[in-house]
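[1] Here's my sequence, what's the structure:
(one chain, ligands or ions: 1)
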Amino acid sequence: MAMVGSAVGLGNIWRFPYMVGEHGGAAFIIVYLICCFIVSLPIFFAEAVIGKSTHKDTFGAIEELVPGSKVKNIGYLPILASFIILSFYSVVGGWSLDYLIRALAGGFNGRSIAEAKEIFAGVSSSPLENVSCMLVFLGVTALIVVAGVNKGIGRFSKYSIPVLFLMMVGMAIFSVRLPGAGKGVEYLLRPDFSKLNGKAVAAALGQSFFSLSLGVGTILTYASYMREEESILRTGWWTAIFDTIFAIIAGFAIMPAVFAAGIEPSAGPSLVFETLPVIFSKLGFLLPVIFFIAILIAALSSSISMLEVVVTWLVDQKKTSRGRASLVVFLCAAILGTLCALVPRVFGVCDFVSSNVLMMIGALVFAMIVGWKIPRERVMELIPSRFFYMLIRHVVPIMILAIAITNLL
Ligand code: TRP
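    Here you go, the predicted model:
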């Protein structure tokens, strides 16, 4: 459930539904599923094999598997990437908290979209509000991680993810029954194969990487805590299936409501913080409140997975306590998070470098280690599937290089 929590996050809510609509509806969903199956799921398995077979942190695991060479220093990259993602993700987590408080105070009642734009501009440019909410979000993340893998991360995920799921299903049922919602359903589902091109495939791959939290040691770190009898294949399949179902349900919660209100769909902050609060508050007090609680749960269950990567590394390699490690990372992320909150350019650079550069390098390294370095028999013990072994060894590296080139162009 913790892995599902890591996967299900803002990526599912503010990017997936829009991407589906823009890139050809059901046709894009099919491409997404294929990408997930032949590239992302194998990378998930590769990361998990590294974690489960070494029971170490990201750096320690790579050092053990590629010993005695300078290559092991590559192990710092995923940890750095997790740290960077944590910092800017916490800014958005902070906005969600801010918006939950506003929704509770009925702050969106009777507002127009133009007014909501002003509210968002106010929130995201007010240093005090922005930074303090980010710090609270990061602080809660750190407290869950301090409580431990079982008592903190495990327990939080076990209870909050099913609640999150129910909330989204409820909102989706509500949303598709609104008058005029049919257009939104059509936007999500009508297959338009003419929109499928190289760009759509690269977008599907990038989205599934981010959504499954790949390439930055998150899955590796969580897998390092797996028990011997727990199956990597099963865990990976369930995570990918839940993550995709959740993203599609989020689409049904969001797009029909957007179309019913006669608004052009968008992606990212403007969808979640400008369009939706206004639409949902027209439909009652409770809806925006539930929506922002859902966003907060989704964001927290992801941010704890990013923090855990860095904390596990400090605990294993620097022999510090979990409490002290969490405090140190909290303080460092607070500094970078503050910069991200105050300077939009820093936010943008952090997002770009981590998602387009570091994640890709990490995913390539993990696949190469499992495909070419670890003895085949050992890999087959952990993931008894020749098909996925072949994908990890040959298909994944080629696909990652292909996306890297597409993105650079
Ligand atoms: N998967 C999460 C989402 O969809 C975000 C996330 C959590 C993440 N951990 C990660 C992204 C590690 C990249 C790497 O929002």
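[2] Distance-wise, check S224 relative to I232.
    Applying C-beta to C-beta, to the nearest Å, the value for S224 to I232 is 12 Å. Every C-beta, even on glycine, is put in place using the N, C-alpha and C of the backbone.
[3] Give me the common contacts of the two.
    Common contact partners of S224 and I232 (C-beta atoms under 8 Å, 6 or more residues apart in numbering): K52.
[4] by contact count, what packs against the helix or strand bottoming out on mean pLDDT in the chain?
    The weakest-scoring helix or strand in the chain, judged by mean pLDDT, DSSP states H and E, is helix 269-270 (a mean of 82). Helix 269-270 sits against helix 113-125, with contacts defined as 3 or more C-beta pairs under 8 Å, 6 or more residues apart in numbering; DSSP states H and E.
[5] What are the buried residues along the helix it packs on?
    A116, K117, I119, F120, V123, S124 (16 or more other C-beta atoms under 10 Å).
[6] Dump those into JSON lines; add distance to M171 as well.
    Listed next are these as JSON lines, based on distance: C-beta to C-beta, whole Å:
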{"residue": "A116", "distance to M171": "18"}
{"residue": "K117", "distance to M171": "23"}
{"residue": "I119", "distance to M171": "21"}
{"residue": "F120", "distance to M171": "21"}
{"residue": "V123", "distance to M171": "23"}
{"residue": "S124", "distance to M171": "24"}
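[7] Next, format those residues as TSV and append pLDDT.
    Listed next are the buried residues of helix 113-125 as TSV, based on pLDDT from 0 to 100:
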residue	pLDDT
A116	89
K117	89
I119	92
F120	92
V123	90
S124	87
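[8] out of these, what pair is the most spread apart?
    Farthest apart among the buried residues of helix 113-125 by C-beta to C-beta are A116 and S124. That separation is 12.3 Å.
[9] any idea how far E308 is from G323?
    14 Å.
[10] Close to the ligand: what parts of this protein are there?
    Within the chain, the positions near the ligand by C-beta under 6 Å from any ligand atom are 6-7, 9-12, 85, 210-211, 213, 216, 218, 302, 305-306.
[11] circling back: out of G323 and E308, which sits in the more crowded spot?
    Using other C-beta atoms under 10 Å as the criterion, G323 and E308 rank with E308 on top: 31 against 14.
[12] for that one, what are its contacts?
    Applying C-beta under 8 Å, 6+ apart, we find E308 in contact with V145, V149, I153, T218, T221, Y222.
[13] In JSON lines: those residues, plus secondary structure, neighbour count and pLDDT.
    As requested, these are exported to JSON lines (DSSP: H, G, I helix; E, B strand; the rest coil; neighbours: other C-beta atoms under 10 Å; pLDDT from 0 to 100):
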{"residue": "V145", "secondary structure": "helix", "neighbour count": "27", "pLDDT": "98"}
{"residue": "V149", "secondary structure": "helix", "neighbour count": "19", "pLDDT": "95"}
{"residue": "I153", "secondary structure": "helix", "neighbour count": "24", "pLDDT": "97"}
{"residue": "T218", "secondary structure": "helix", "neighbour count": "30", "pLDDT": "98"}
{"residue": "T221", "secondary structure": "helix", "neighbour count": "30", "pLDDT": "98"}
{"residue": "Y222", "secondary structure": "helix", "neighbour count": "27", "pLDDT": "98"}
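[14] quick one: which of these is nearest the ligand?
    Closest approach between these and the ligand, by C-beta to the nearest ligand atom: T218, at 4.3 Å.
[15] need the contact list for that closest one.
    Taking C-beta under 8 Å, 6+ apart as the test, what T218 contacts is S6, E47, S82, S305, M306, E308, V309.
[16] Please report how far it lies from G268.
    Separation of T218 from G268 (C-beta to C-beta) stands at 22 Å.
[17] Check G106 too.
    25 Å.
[18] and if you look at K183?
    Using C-beta to C-beta, we find K183 at a distance of 21 Å from G268.
[19] now do S87
    With distances taken as C-beta to C-beta, S87 is found 18 Å from G268.
[20] More neighbours: the two, which one.
    Of the pair S87 and G268, S87 is the one with more neighbours under other C-beta under 10 Å, namely 27 against 13.
[21] Is it correct that that one is in contact with F347?
    No. Applying C-beta atoms under 8 Å as the test, S87 and F347 come out as separate, 9.0 Å apart.
[22] Just the element for the residue lying closest to G60 once chain neighbours are set aside, please.
    By the measure of C-beta to C-beta, 6 or more residues apart in numbering, the closest residue to G60 outside its immediate chain neighbours is D316, 5.2 Å from it. Using DSSP states H and E, D316 sits within helix 286-317.
[23] Give me the distance from the helix or strand immediately after that helix in the chain to the chain's centre.
    Proceeding N to C from helix 286-317, the next assigned helix or strand is helix 322-342, under DSSP H and E. Taking C-alpha atoms, centre = their mean, to the nearest Å, one finds the center of helix 322-342 at 19 Å from the center of the full chain.
[24] which helices and strands sit right next to helix 322-342?
    Applying 3+ C-beta pairs under 8 Å, 6+ apart, we find helix 322-342 packed against helix 76-104, helix 127-146, helix 286-317, helix 344-352.
[25] same thing but 10 Å
    Secondary-structure packing of helix 322-342 (3 or more C-beta pairs under 10 Å, 6 or more residues apart in numbering; DSSP states H and E): helix 76-104, helix 113-125, helix 127-146, helix 286-317, helix 344-352.
[26] now these in JSON lines, with distance to V201?
    Below are these laid out as JSON lines (distance: least, C-beta to C-beta, whole Å):
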{"stretch": "helix 76-104", "distance to V201": "23"}
{"stretch": "helix 113-125", "distance to V201": "32"}
{"stretch": "helix 127-146", "distance to V201": "33"}
{"stretch": "helix 286-317", "distance to V201": "25"}
{"stretch": "helix 344-352", "distance to V201": "20"}
